[in-house]
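> quick one, fold the following:
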Amino acid sequence: MPREEDPKEPSGSPPSRRQLLLAGGVVSGLAAAATSVPLISTFVAPVLSSAGDESWIPVGPGDAFGPDRKEHTYSFVRKEGFHESLQVRRVVVSRNGDEFDVLSTKCSHLGCGVVWKADEKKFFCPCHGGEFDSEGNPTVPPPDKPLKRLDARLNASTGQLEVLES
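You can find the predicted model right below:
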């Protein structure tokens, strides 16, 4: 005679040990994936997003510069991954109409800070006694390369001279 099922007992057989382990593994894997995706993207995204970024940085009002070379200091915040640092740069700027000539004050020899001597119209490197003419070309060794010229533009909407930082 067929056995009648007791309404108090659950129908079907209990899950096997293999089924329980498989279900537990699937749930654990989903939990690990759900946790690791945001965690990994938190660490990787800032590094990828700031790699190779170039920015136009305001230096000062464009009308503050004329045909005579003038030393000027500007600053900006650089982001590299999670690290933010304040960068301070010195440049020497001259203007001819709408064109700006912006020279870095970083010596091409060892990266020392050169000094613009306006009265002598030359750059002097105090580290090794090197000199550059008013165009940034080396005249007294040890430097053998000119000072770096920075890309510059006048922002028409703000009137600010901007340089390209990378």
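
> first-to-last residue distance for stretch 126-143?
One end of stretch 126-143 sits 12 Å from the other (CA to CA, to the nearest Å).

> where does pLDDT dip in this protein?
For the chain, the stretches flagged by pLDDT under 70 are 1-12, 37-53.

> can you give me the strands for it?
55-61, 70-80, 83-96, 99-104, 115-117, 122-124, 131-133, 138-140, 149-150, 152-154, 160-165 (DSSP state E).

> would you reformat these as TSV and include distance to Q19 and mean neighbour count?
(Glycine included, C-beta is placed from N, CA and C.) Converted to TSV, those look like this (distance: least, CB to CB, whole Å; neighbours: other CB atoms under 10 Å):
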stretch	distance to Q19	mean neighbour count
strand 55-61	57	16
strand 70-80	50	13
strand 83-96	50	14
strand 99-104	69	19
strand 115-117	79	15
strand 122-124	79	19
strand 131-133	79	18
strand 138-140	79	15
strand 149-150	68	16
strand 152-154	68	17
strand 160-165	60	19
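
> would CSV of these with distance to P14 be doable?
Shown next, in CSV, are the strands of the chain (distance: least, CB to CB, whole Å):
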stretch, distance to P14
strand 55-61, 64
strand 70-80, 57
strand 83-96, 56
strand 99-104, 77
strand 115-117, 86
strand 122-124, 86
strand 131-133, 87
strand 138-140, 87
strand 149-150, 75
strand 152-154, 75
strand 160-165, 68
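
> minimum distance to L21: which of these has it?
The closest of these to L21 is strand 83-96. By CB to CB, the value is 44.7 Å.

> ok so, going back, out of the strands of the chain, which is closest to S28?
Across the strands of the chain, closest to S28 is strand 83-96 (CB to CB), at 35.1 Å.

> chain center to that closest one, what's the gap?
How far strand 83-96 lies from its chain's middle: 14 Å, per CA atoms, centre = their mean, to the nearest Å.

> which elements pack onto it?
Here strand 83-96 touches strand 70-80, strand 99-104, strand 160-165, going by 3 or more CB pairs under 8 Å, 6 or more residues apart in numbering; DSSP states H and E.

> mind redoing it with 10 Å?
Applying 3 or more CB pairs under 10 Å, 6 or more residues apart in numbering; DSSP states H and E, one finds that strand 83-96 contacts helix 17-50, strand 55-61, strand 70-80, strand 99-104, strand 115-117, strand 149-150, strand 152-154, strand 160-165.
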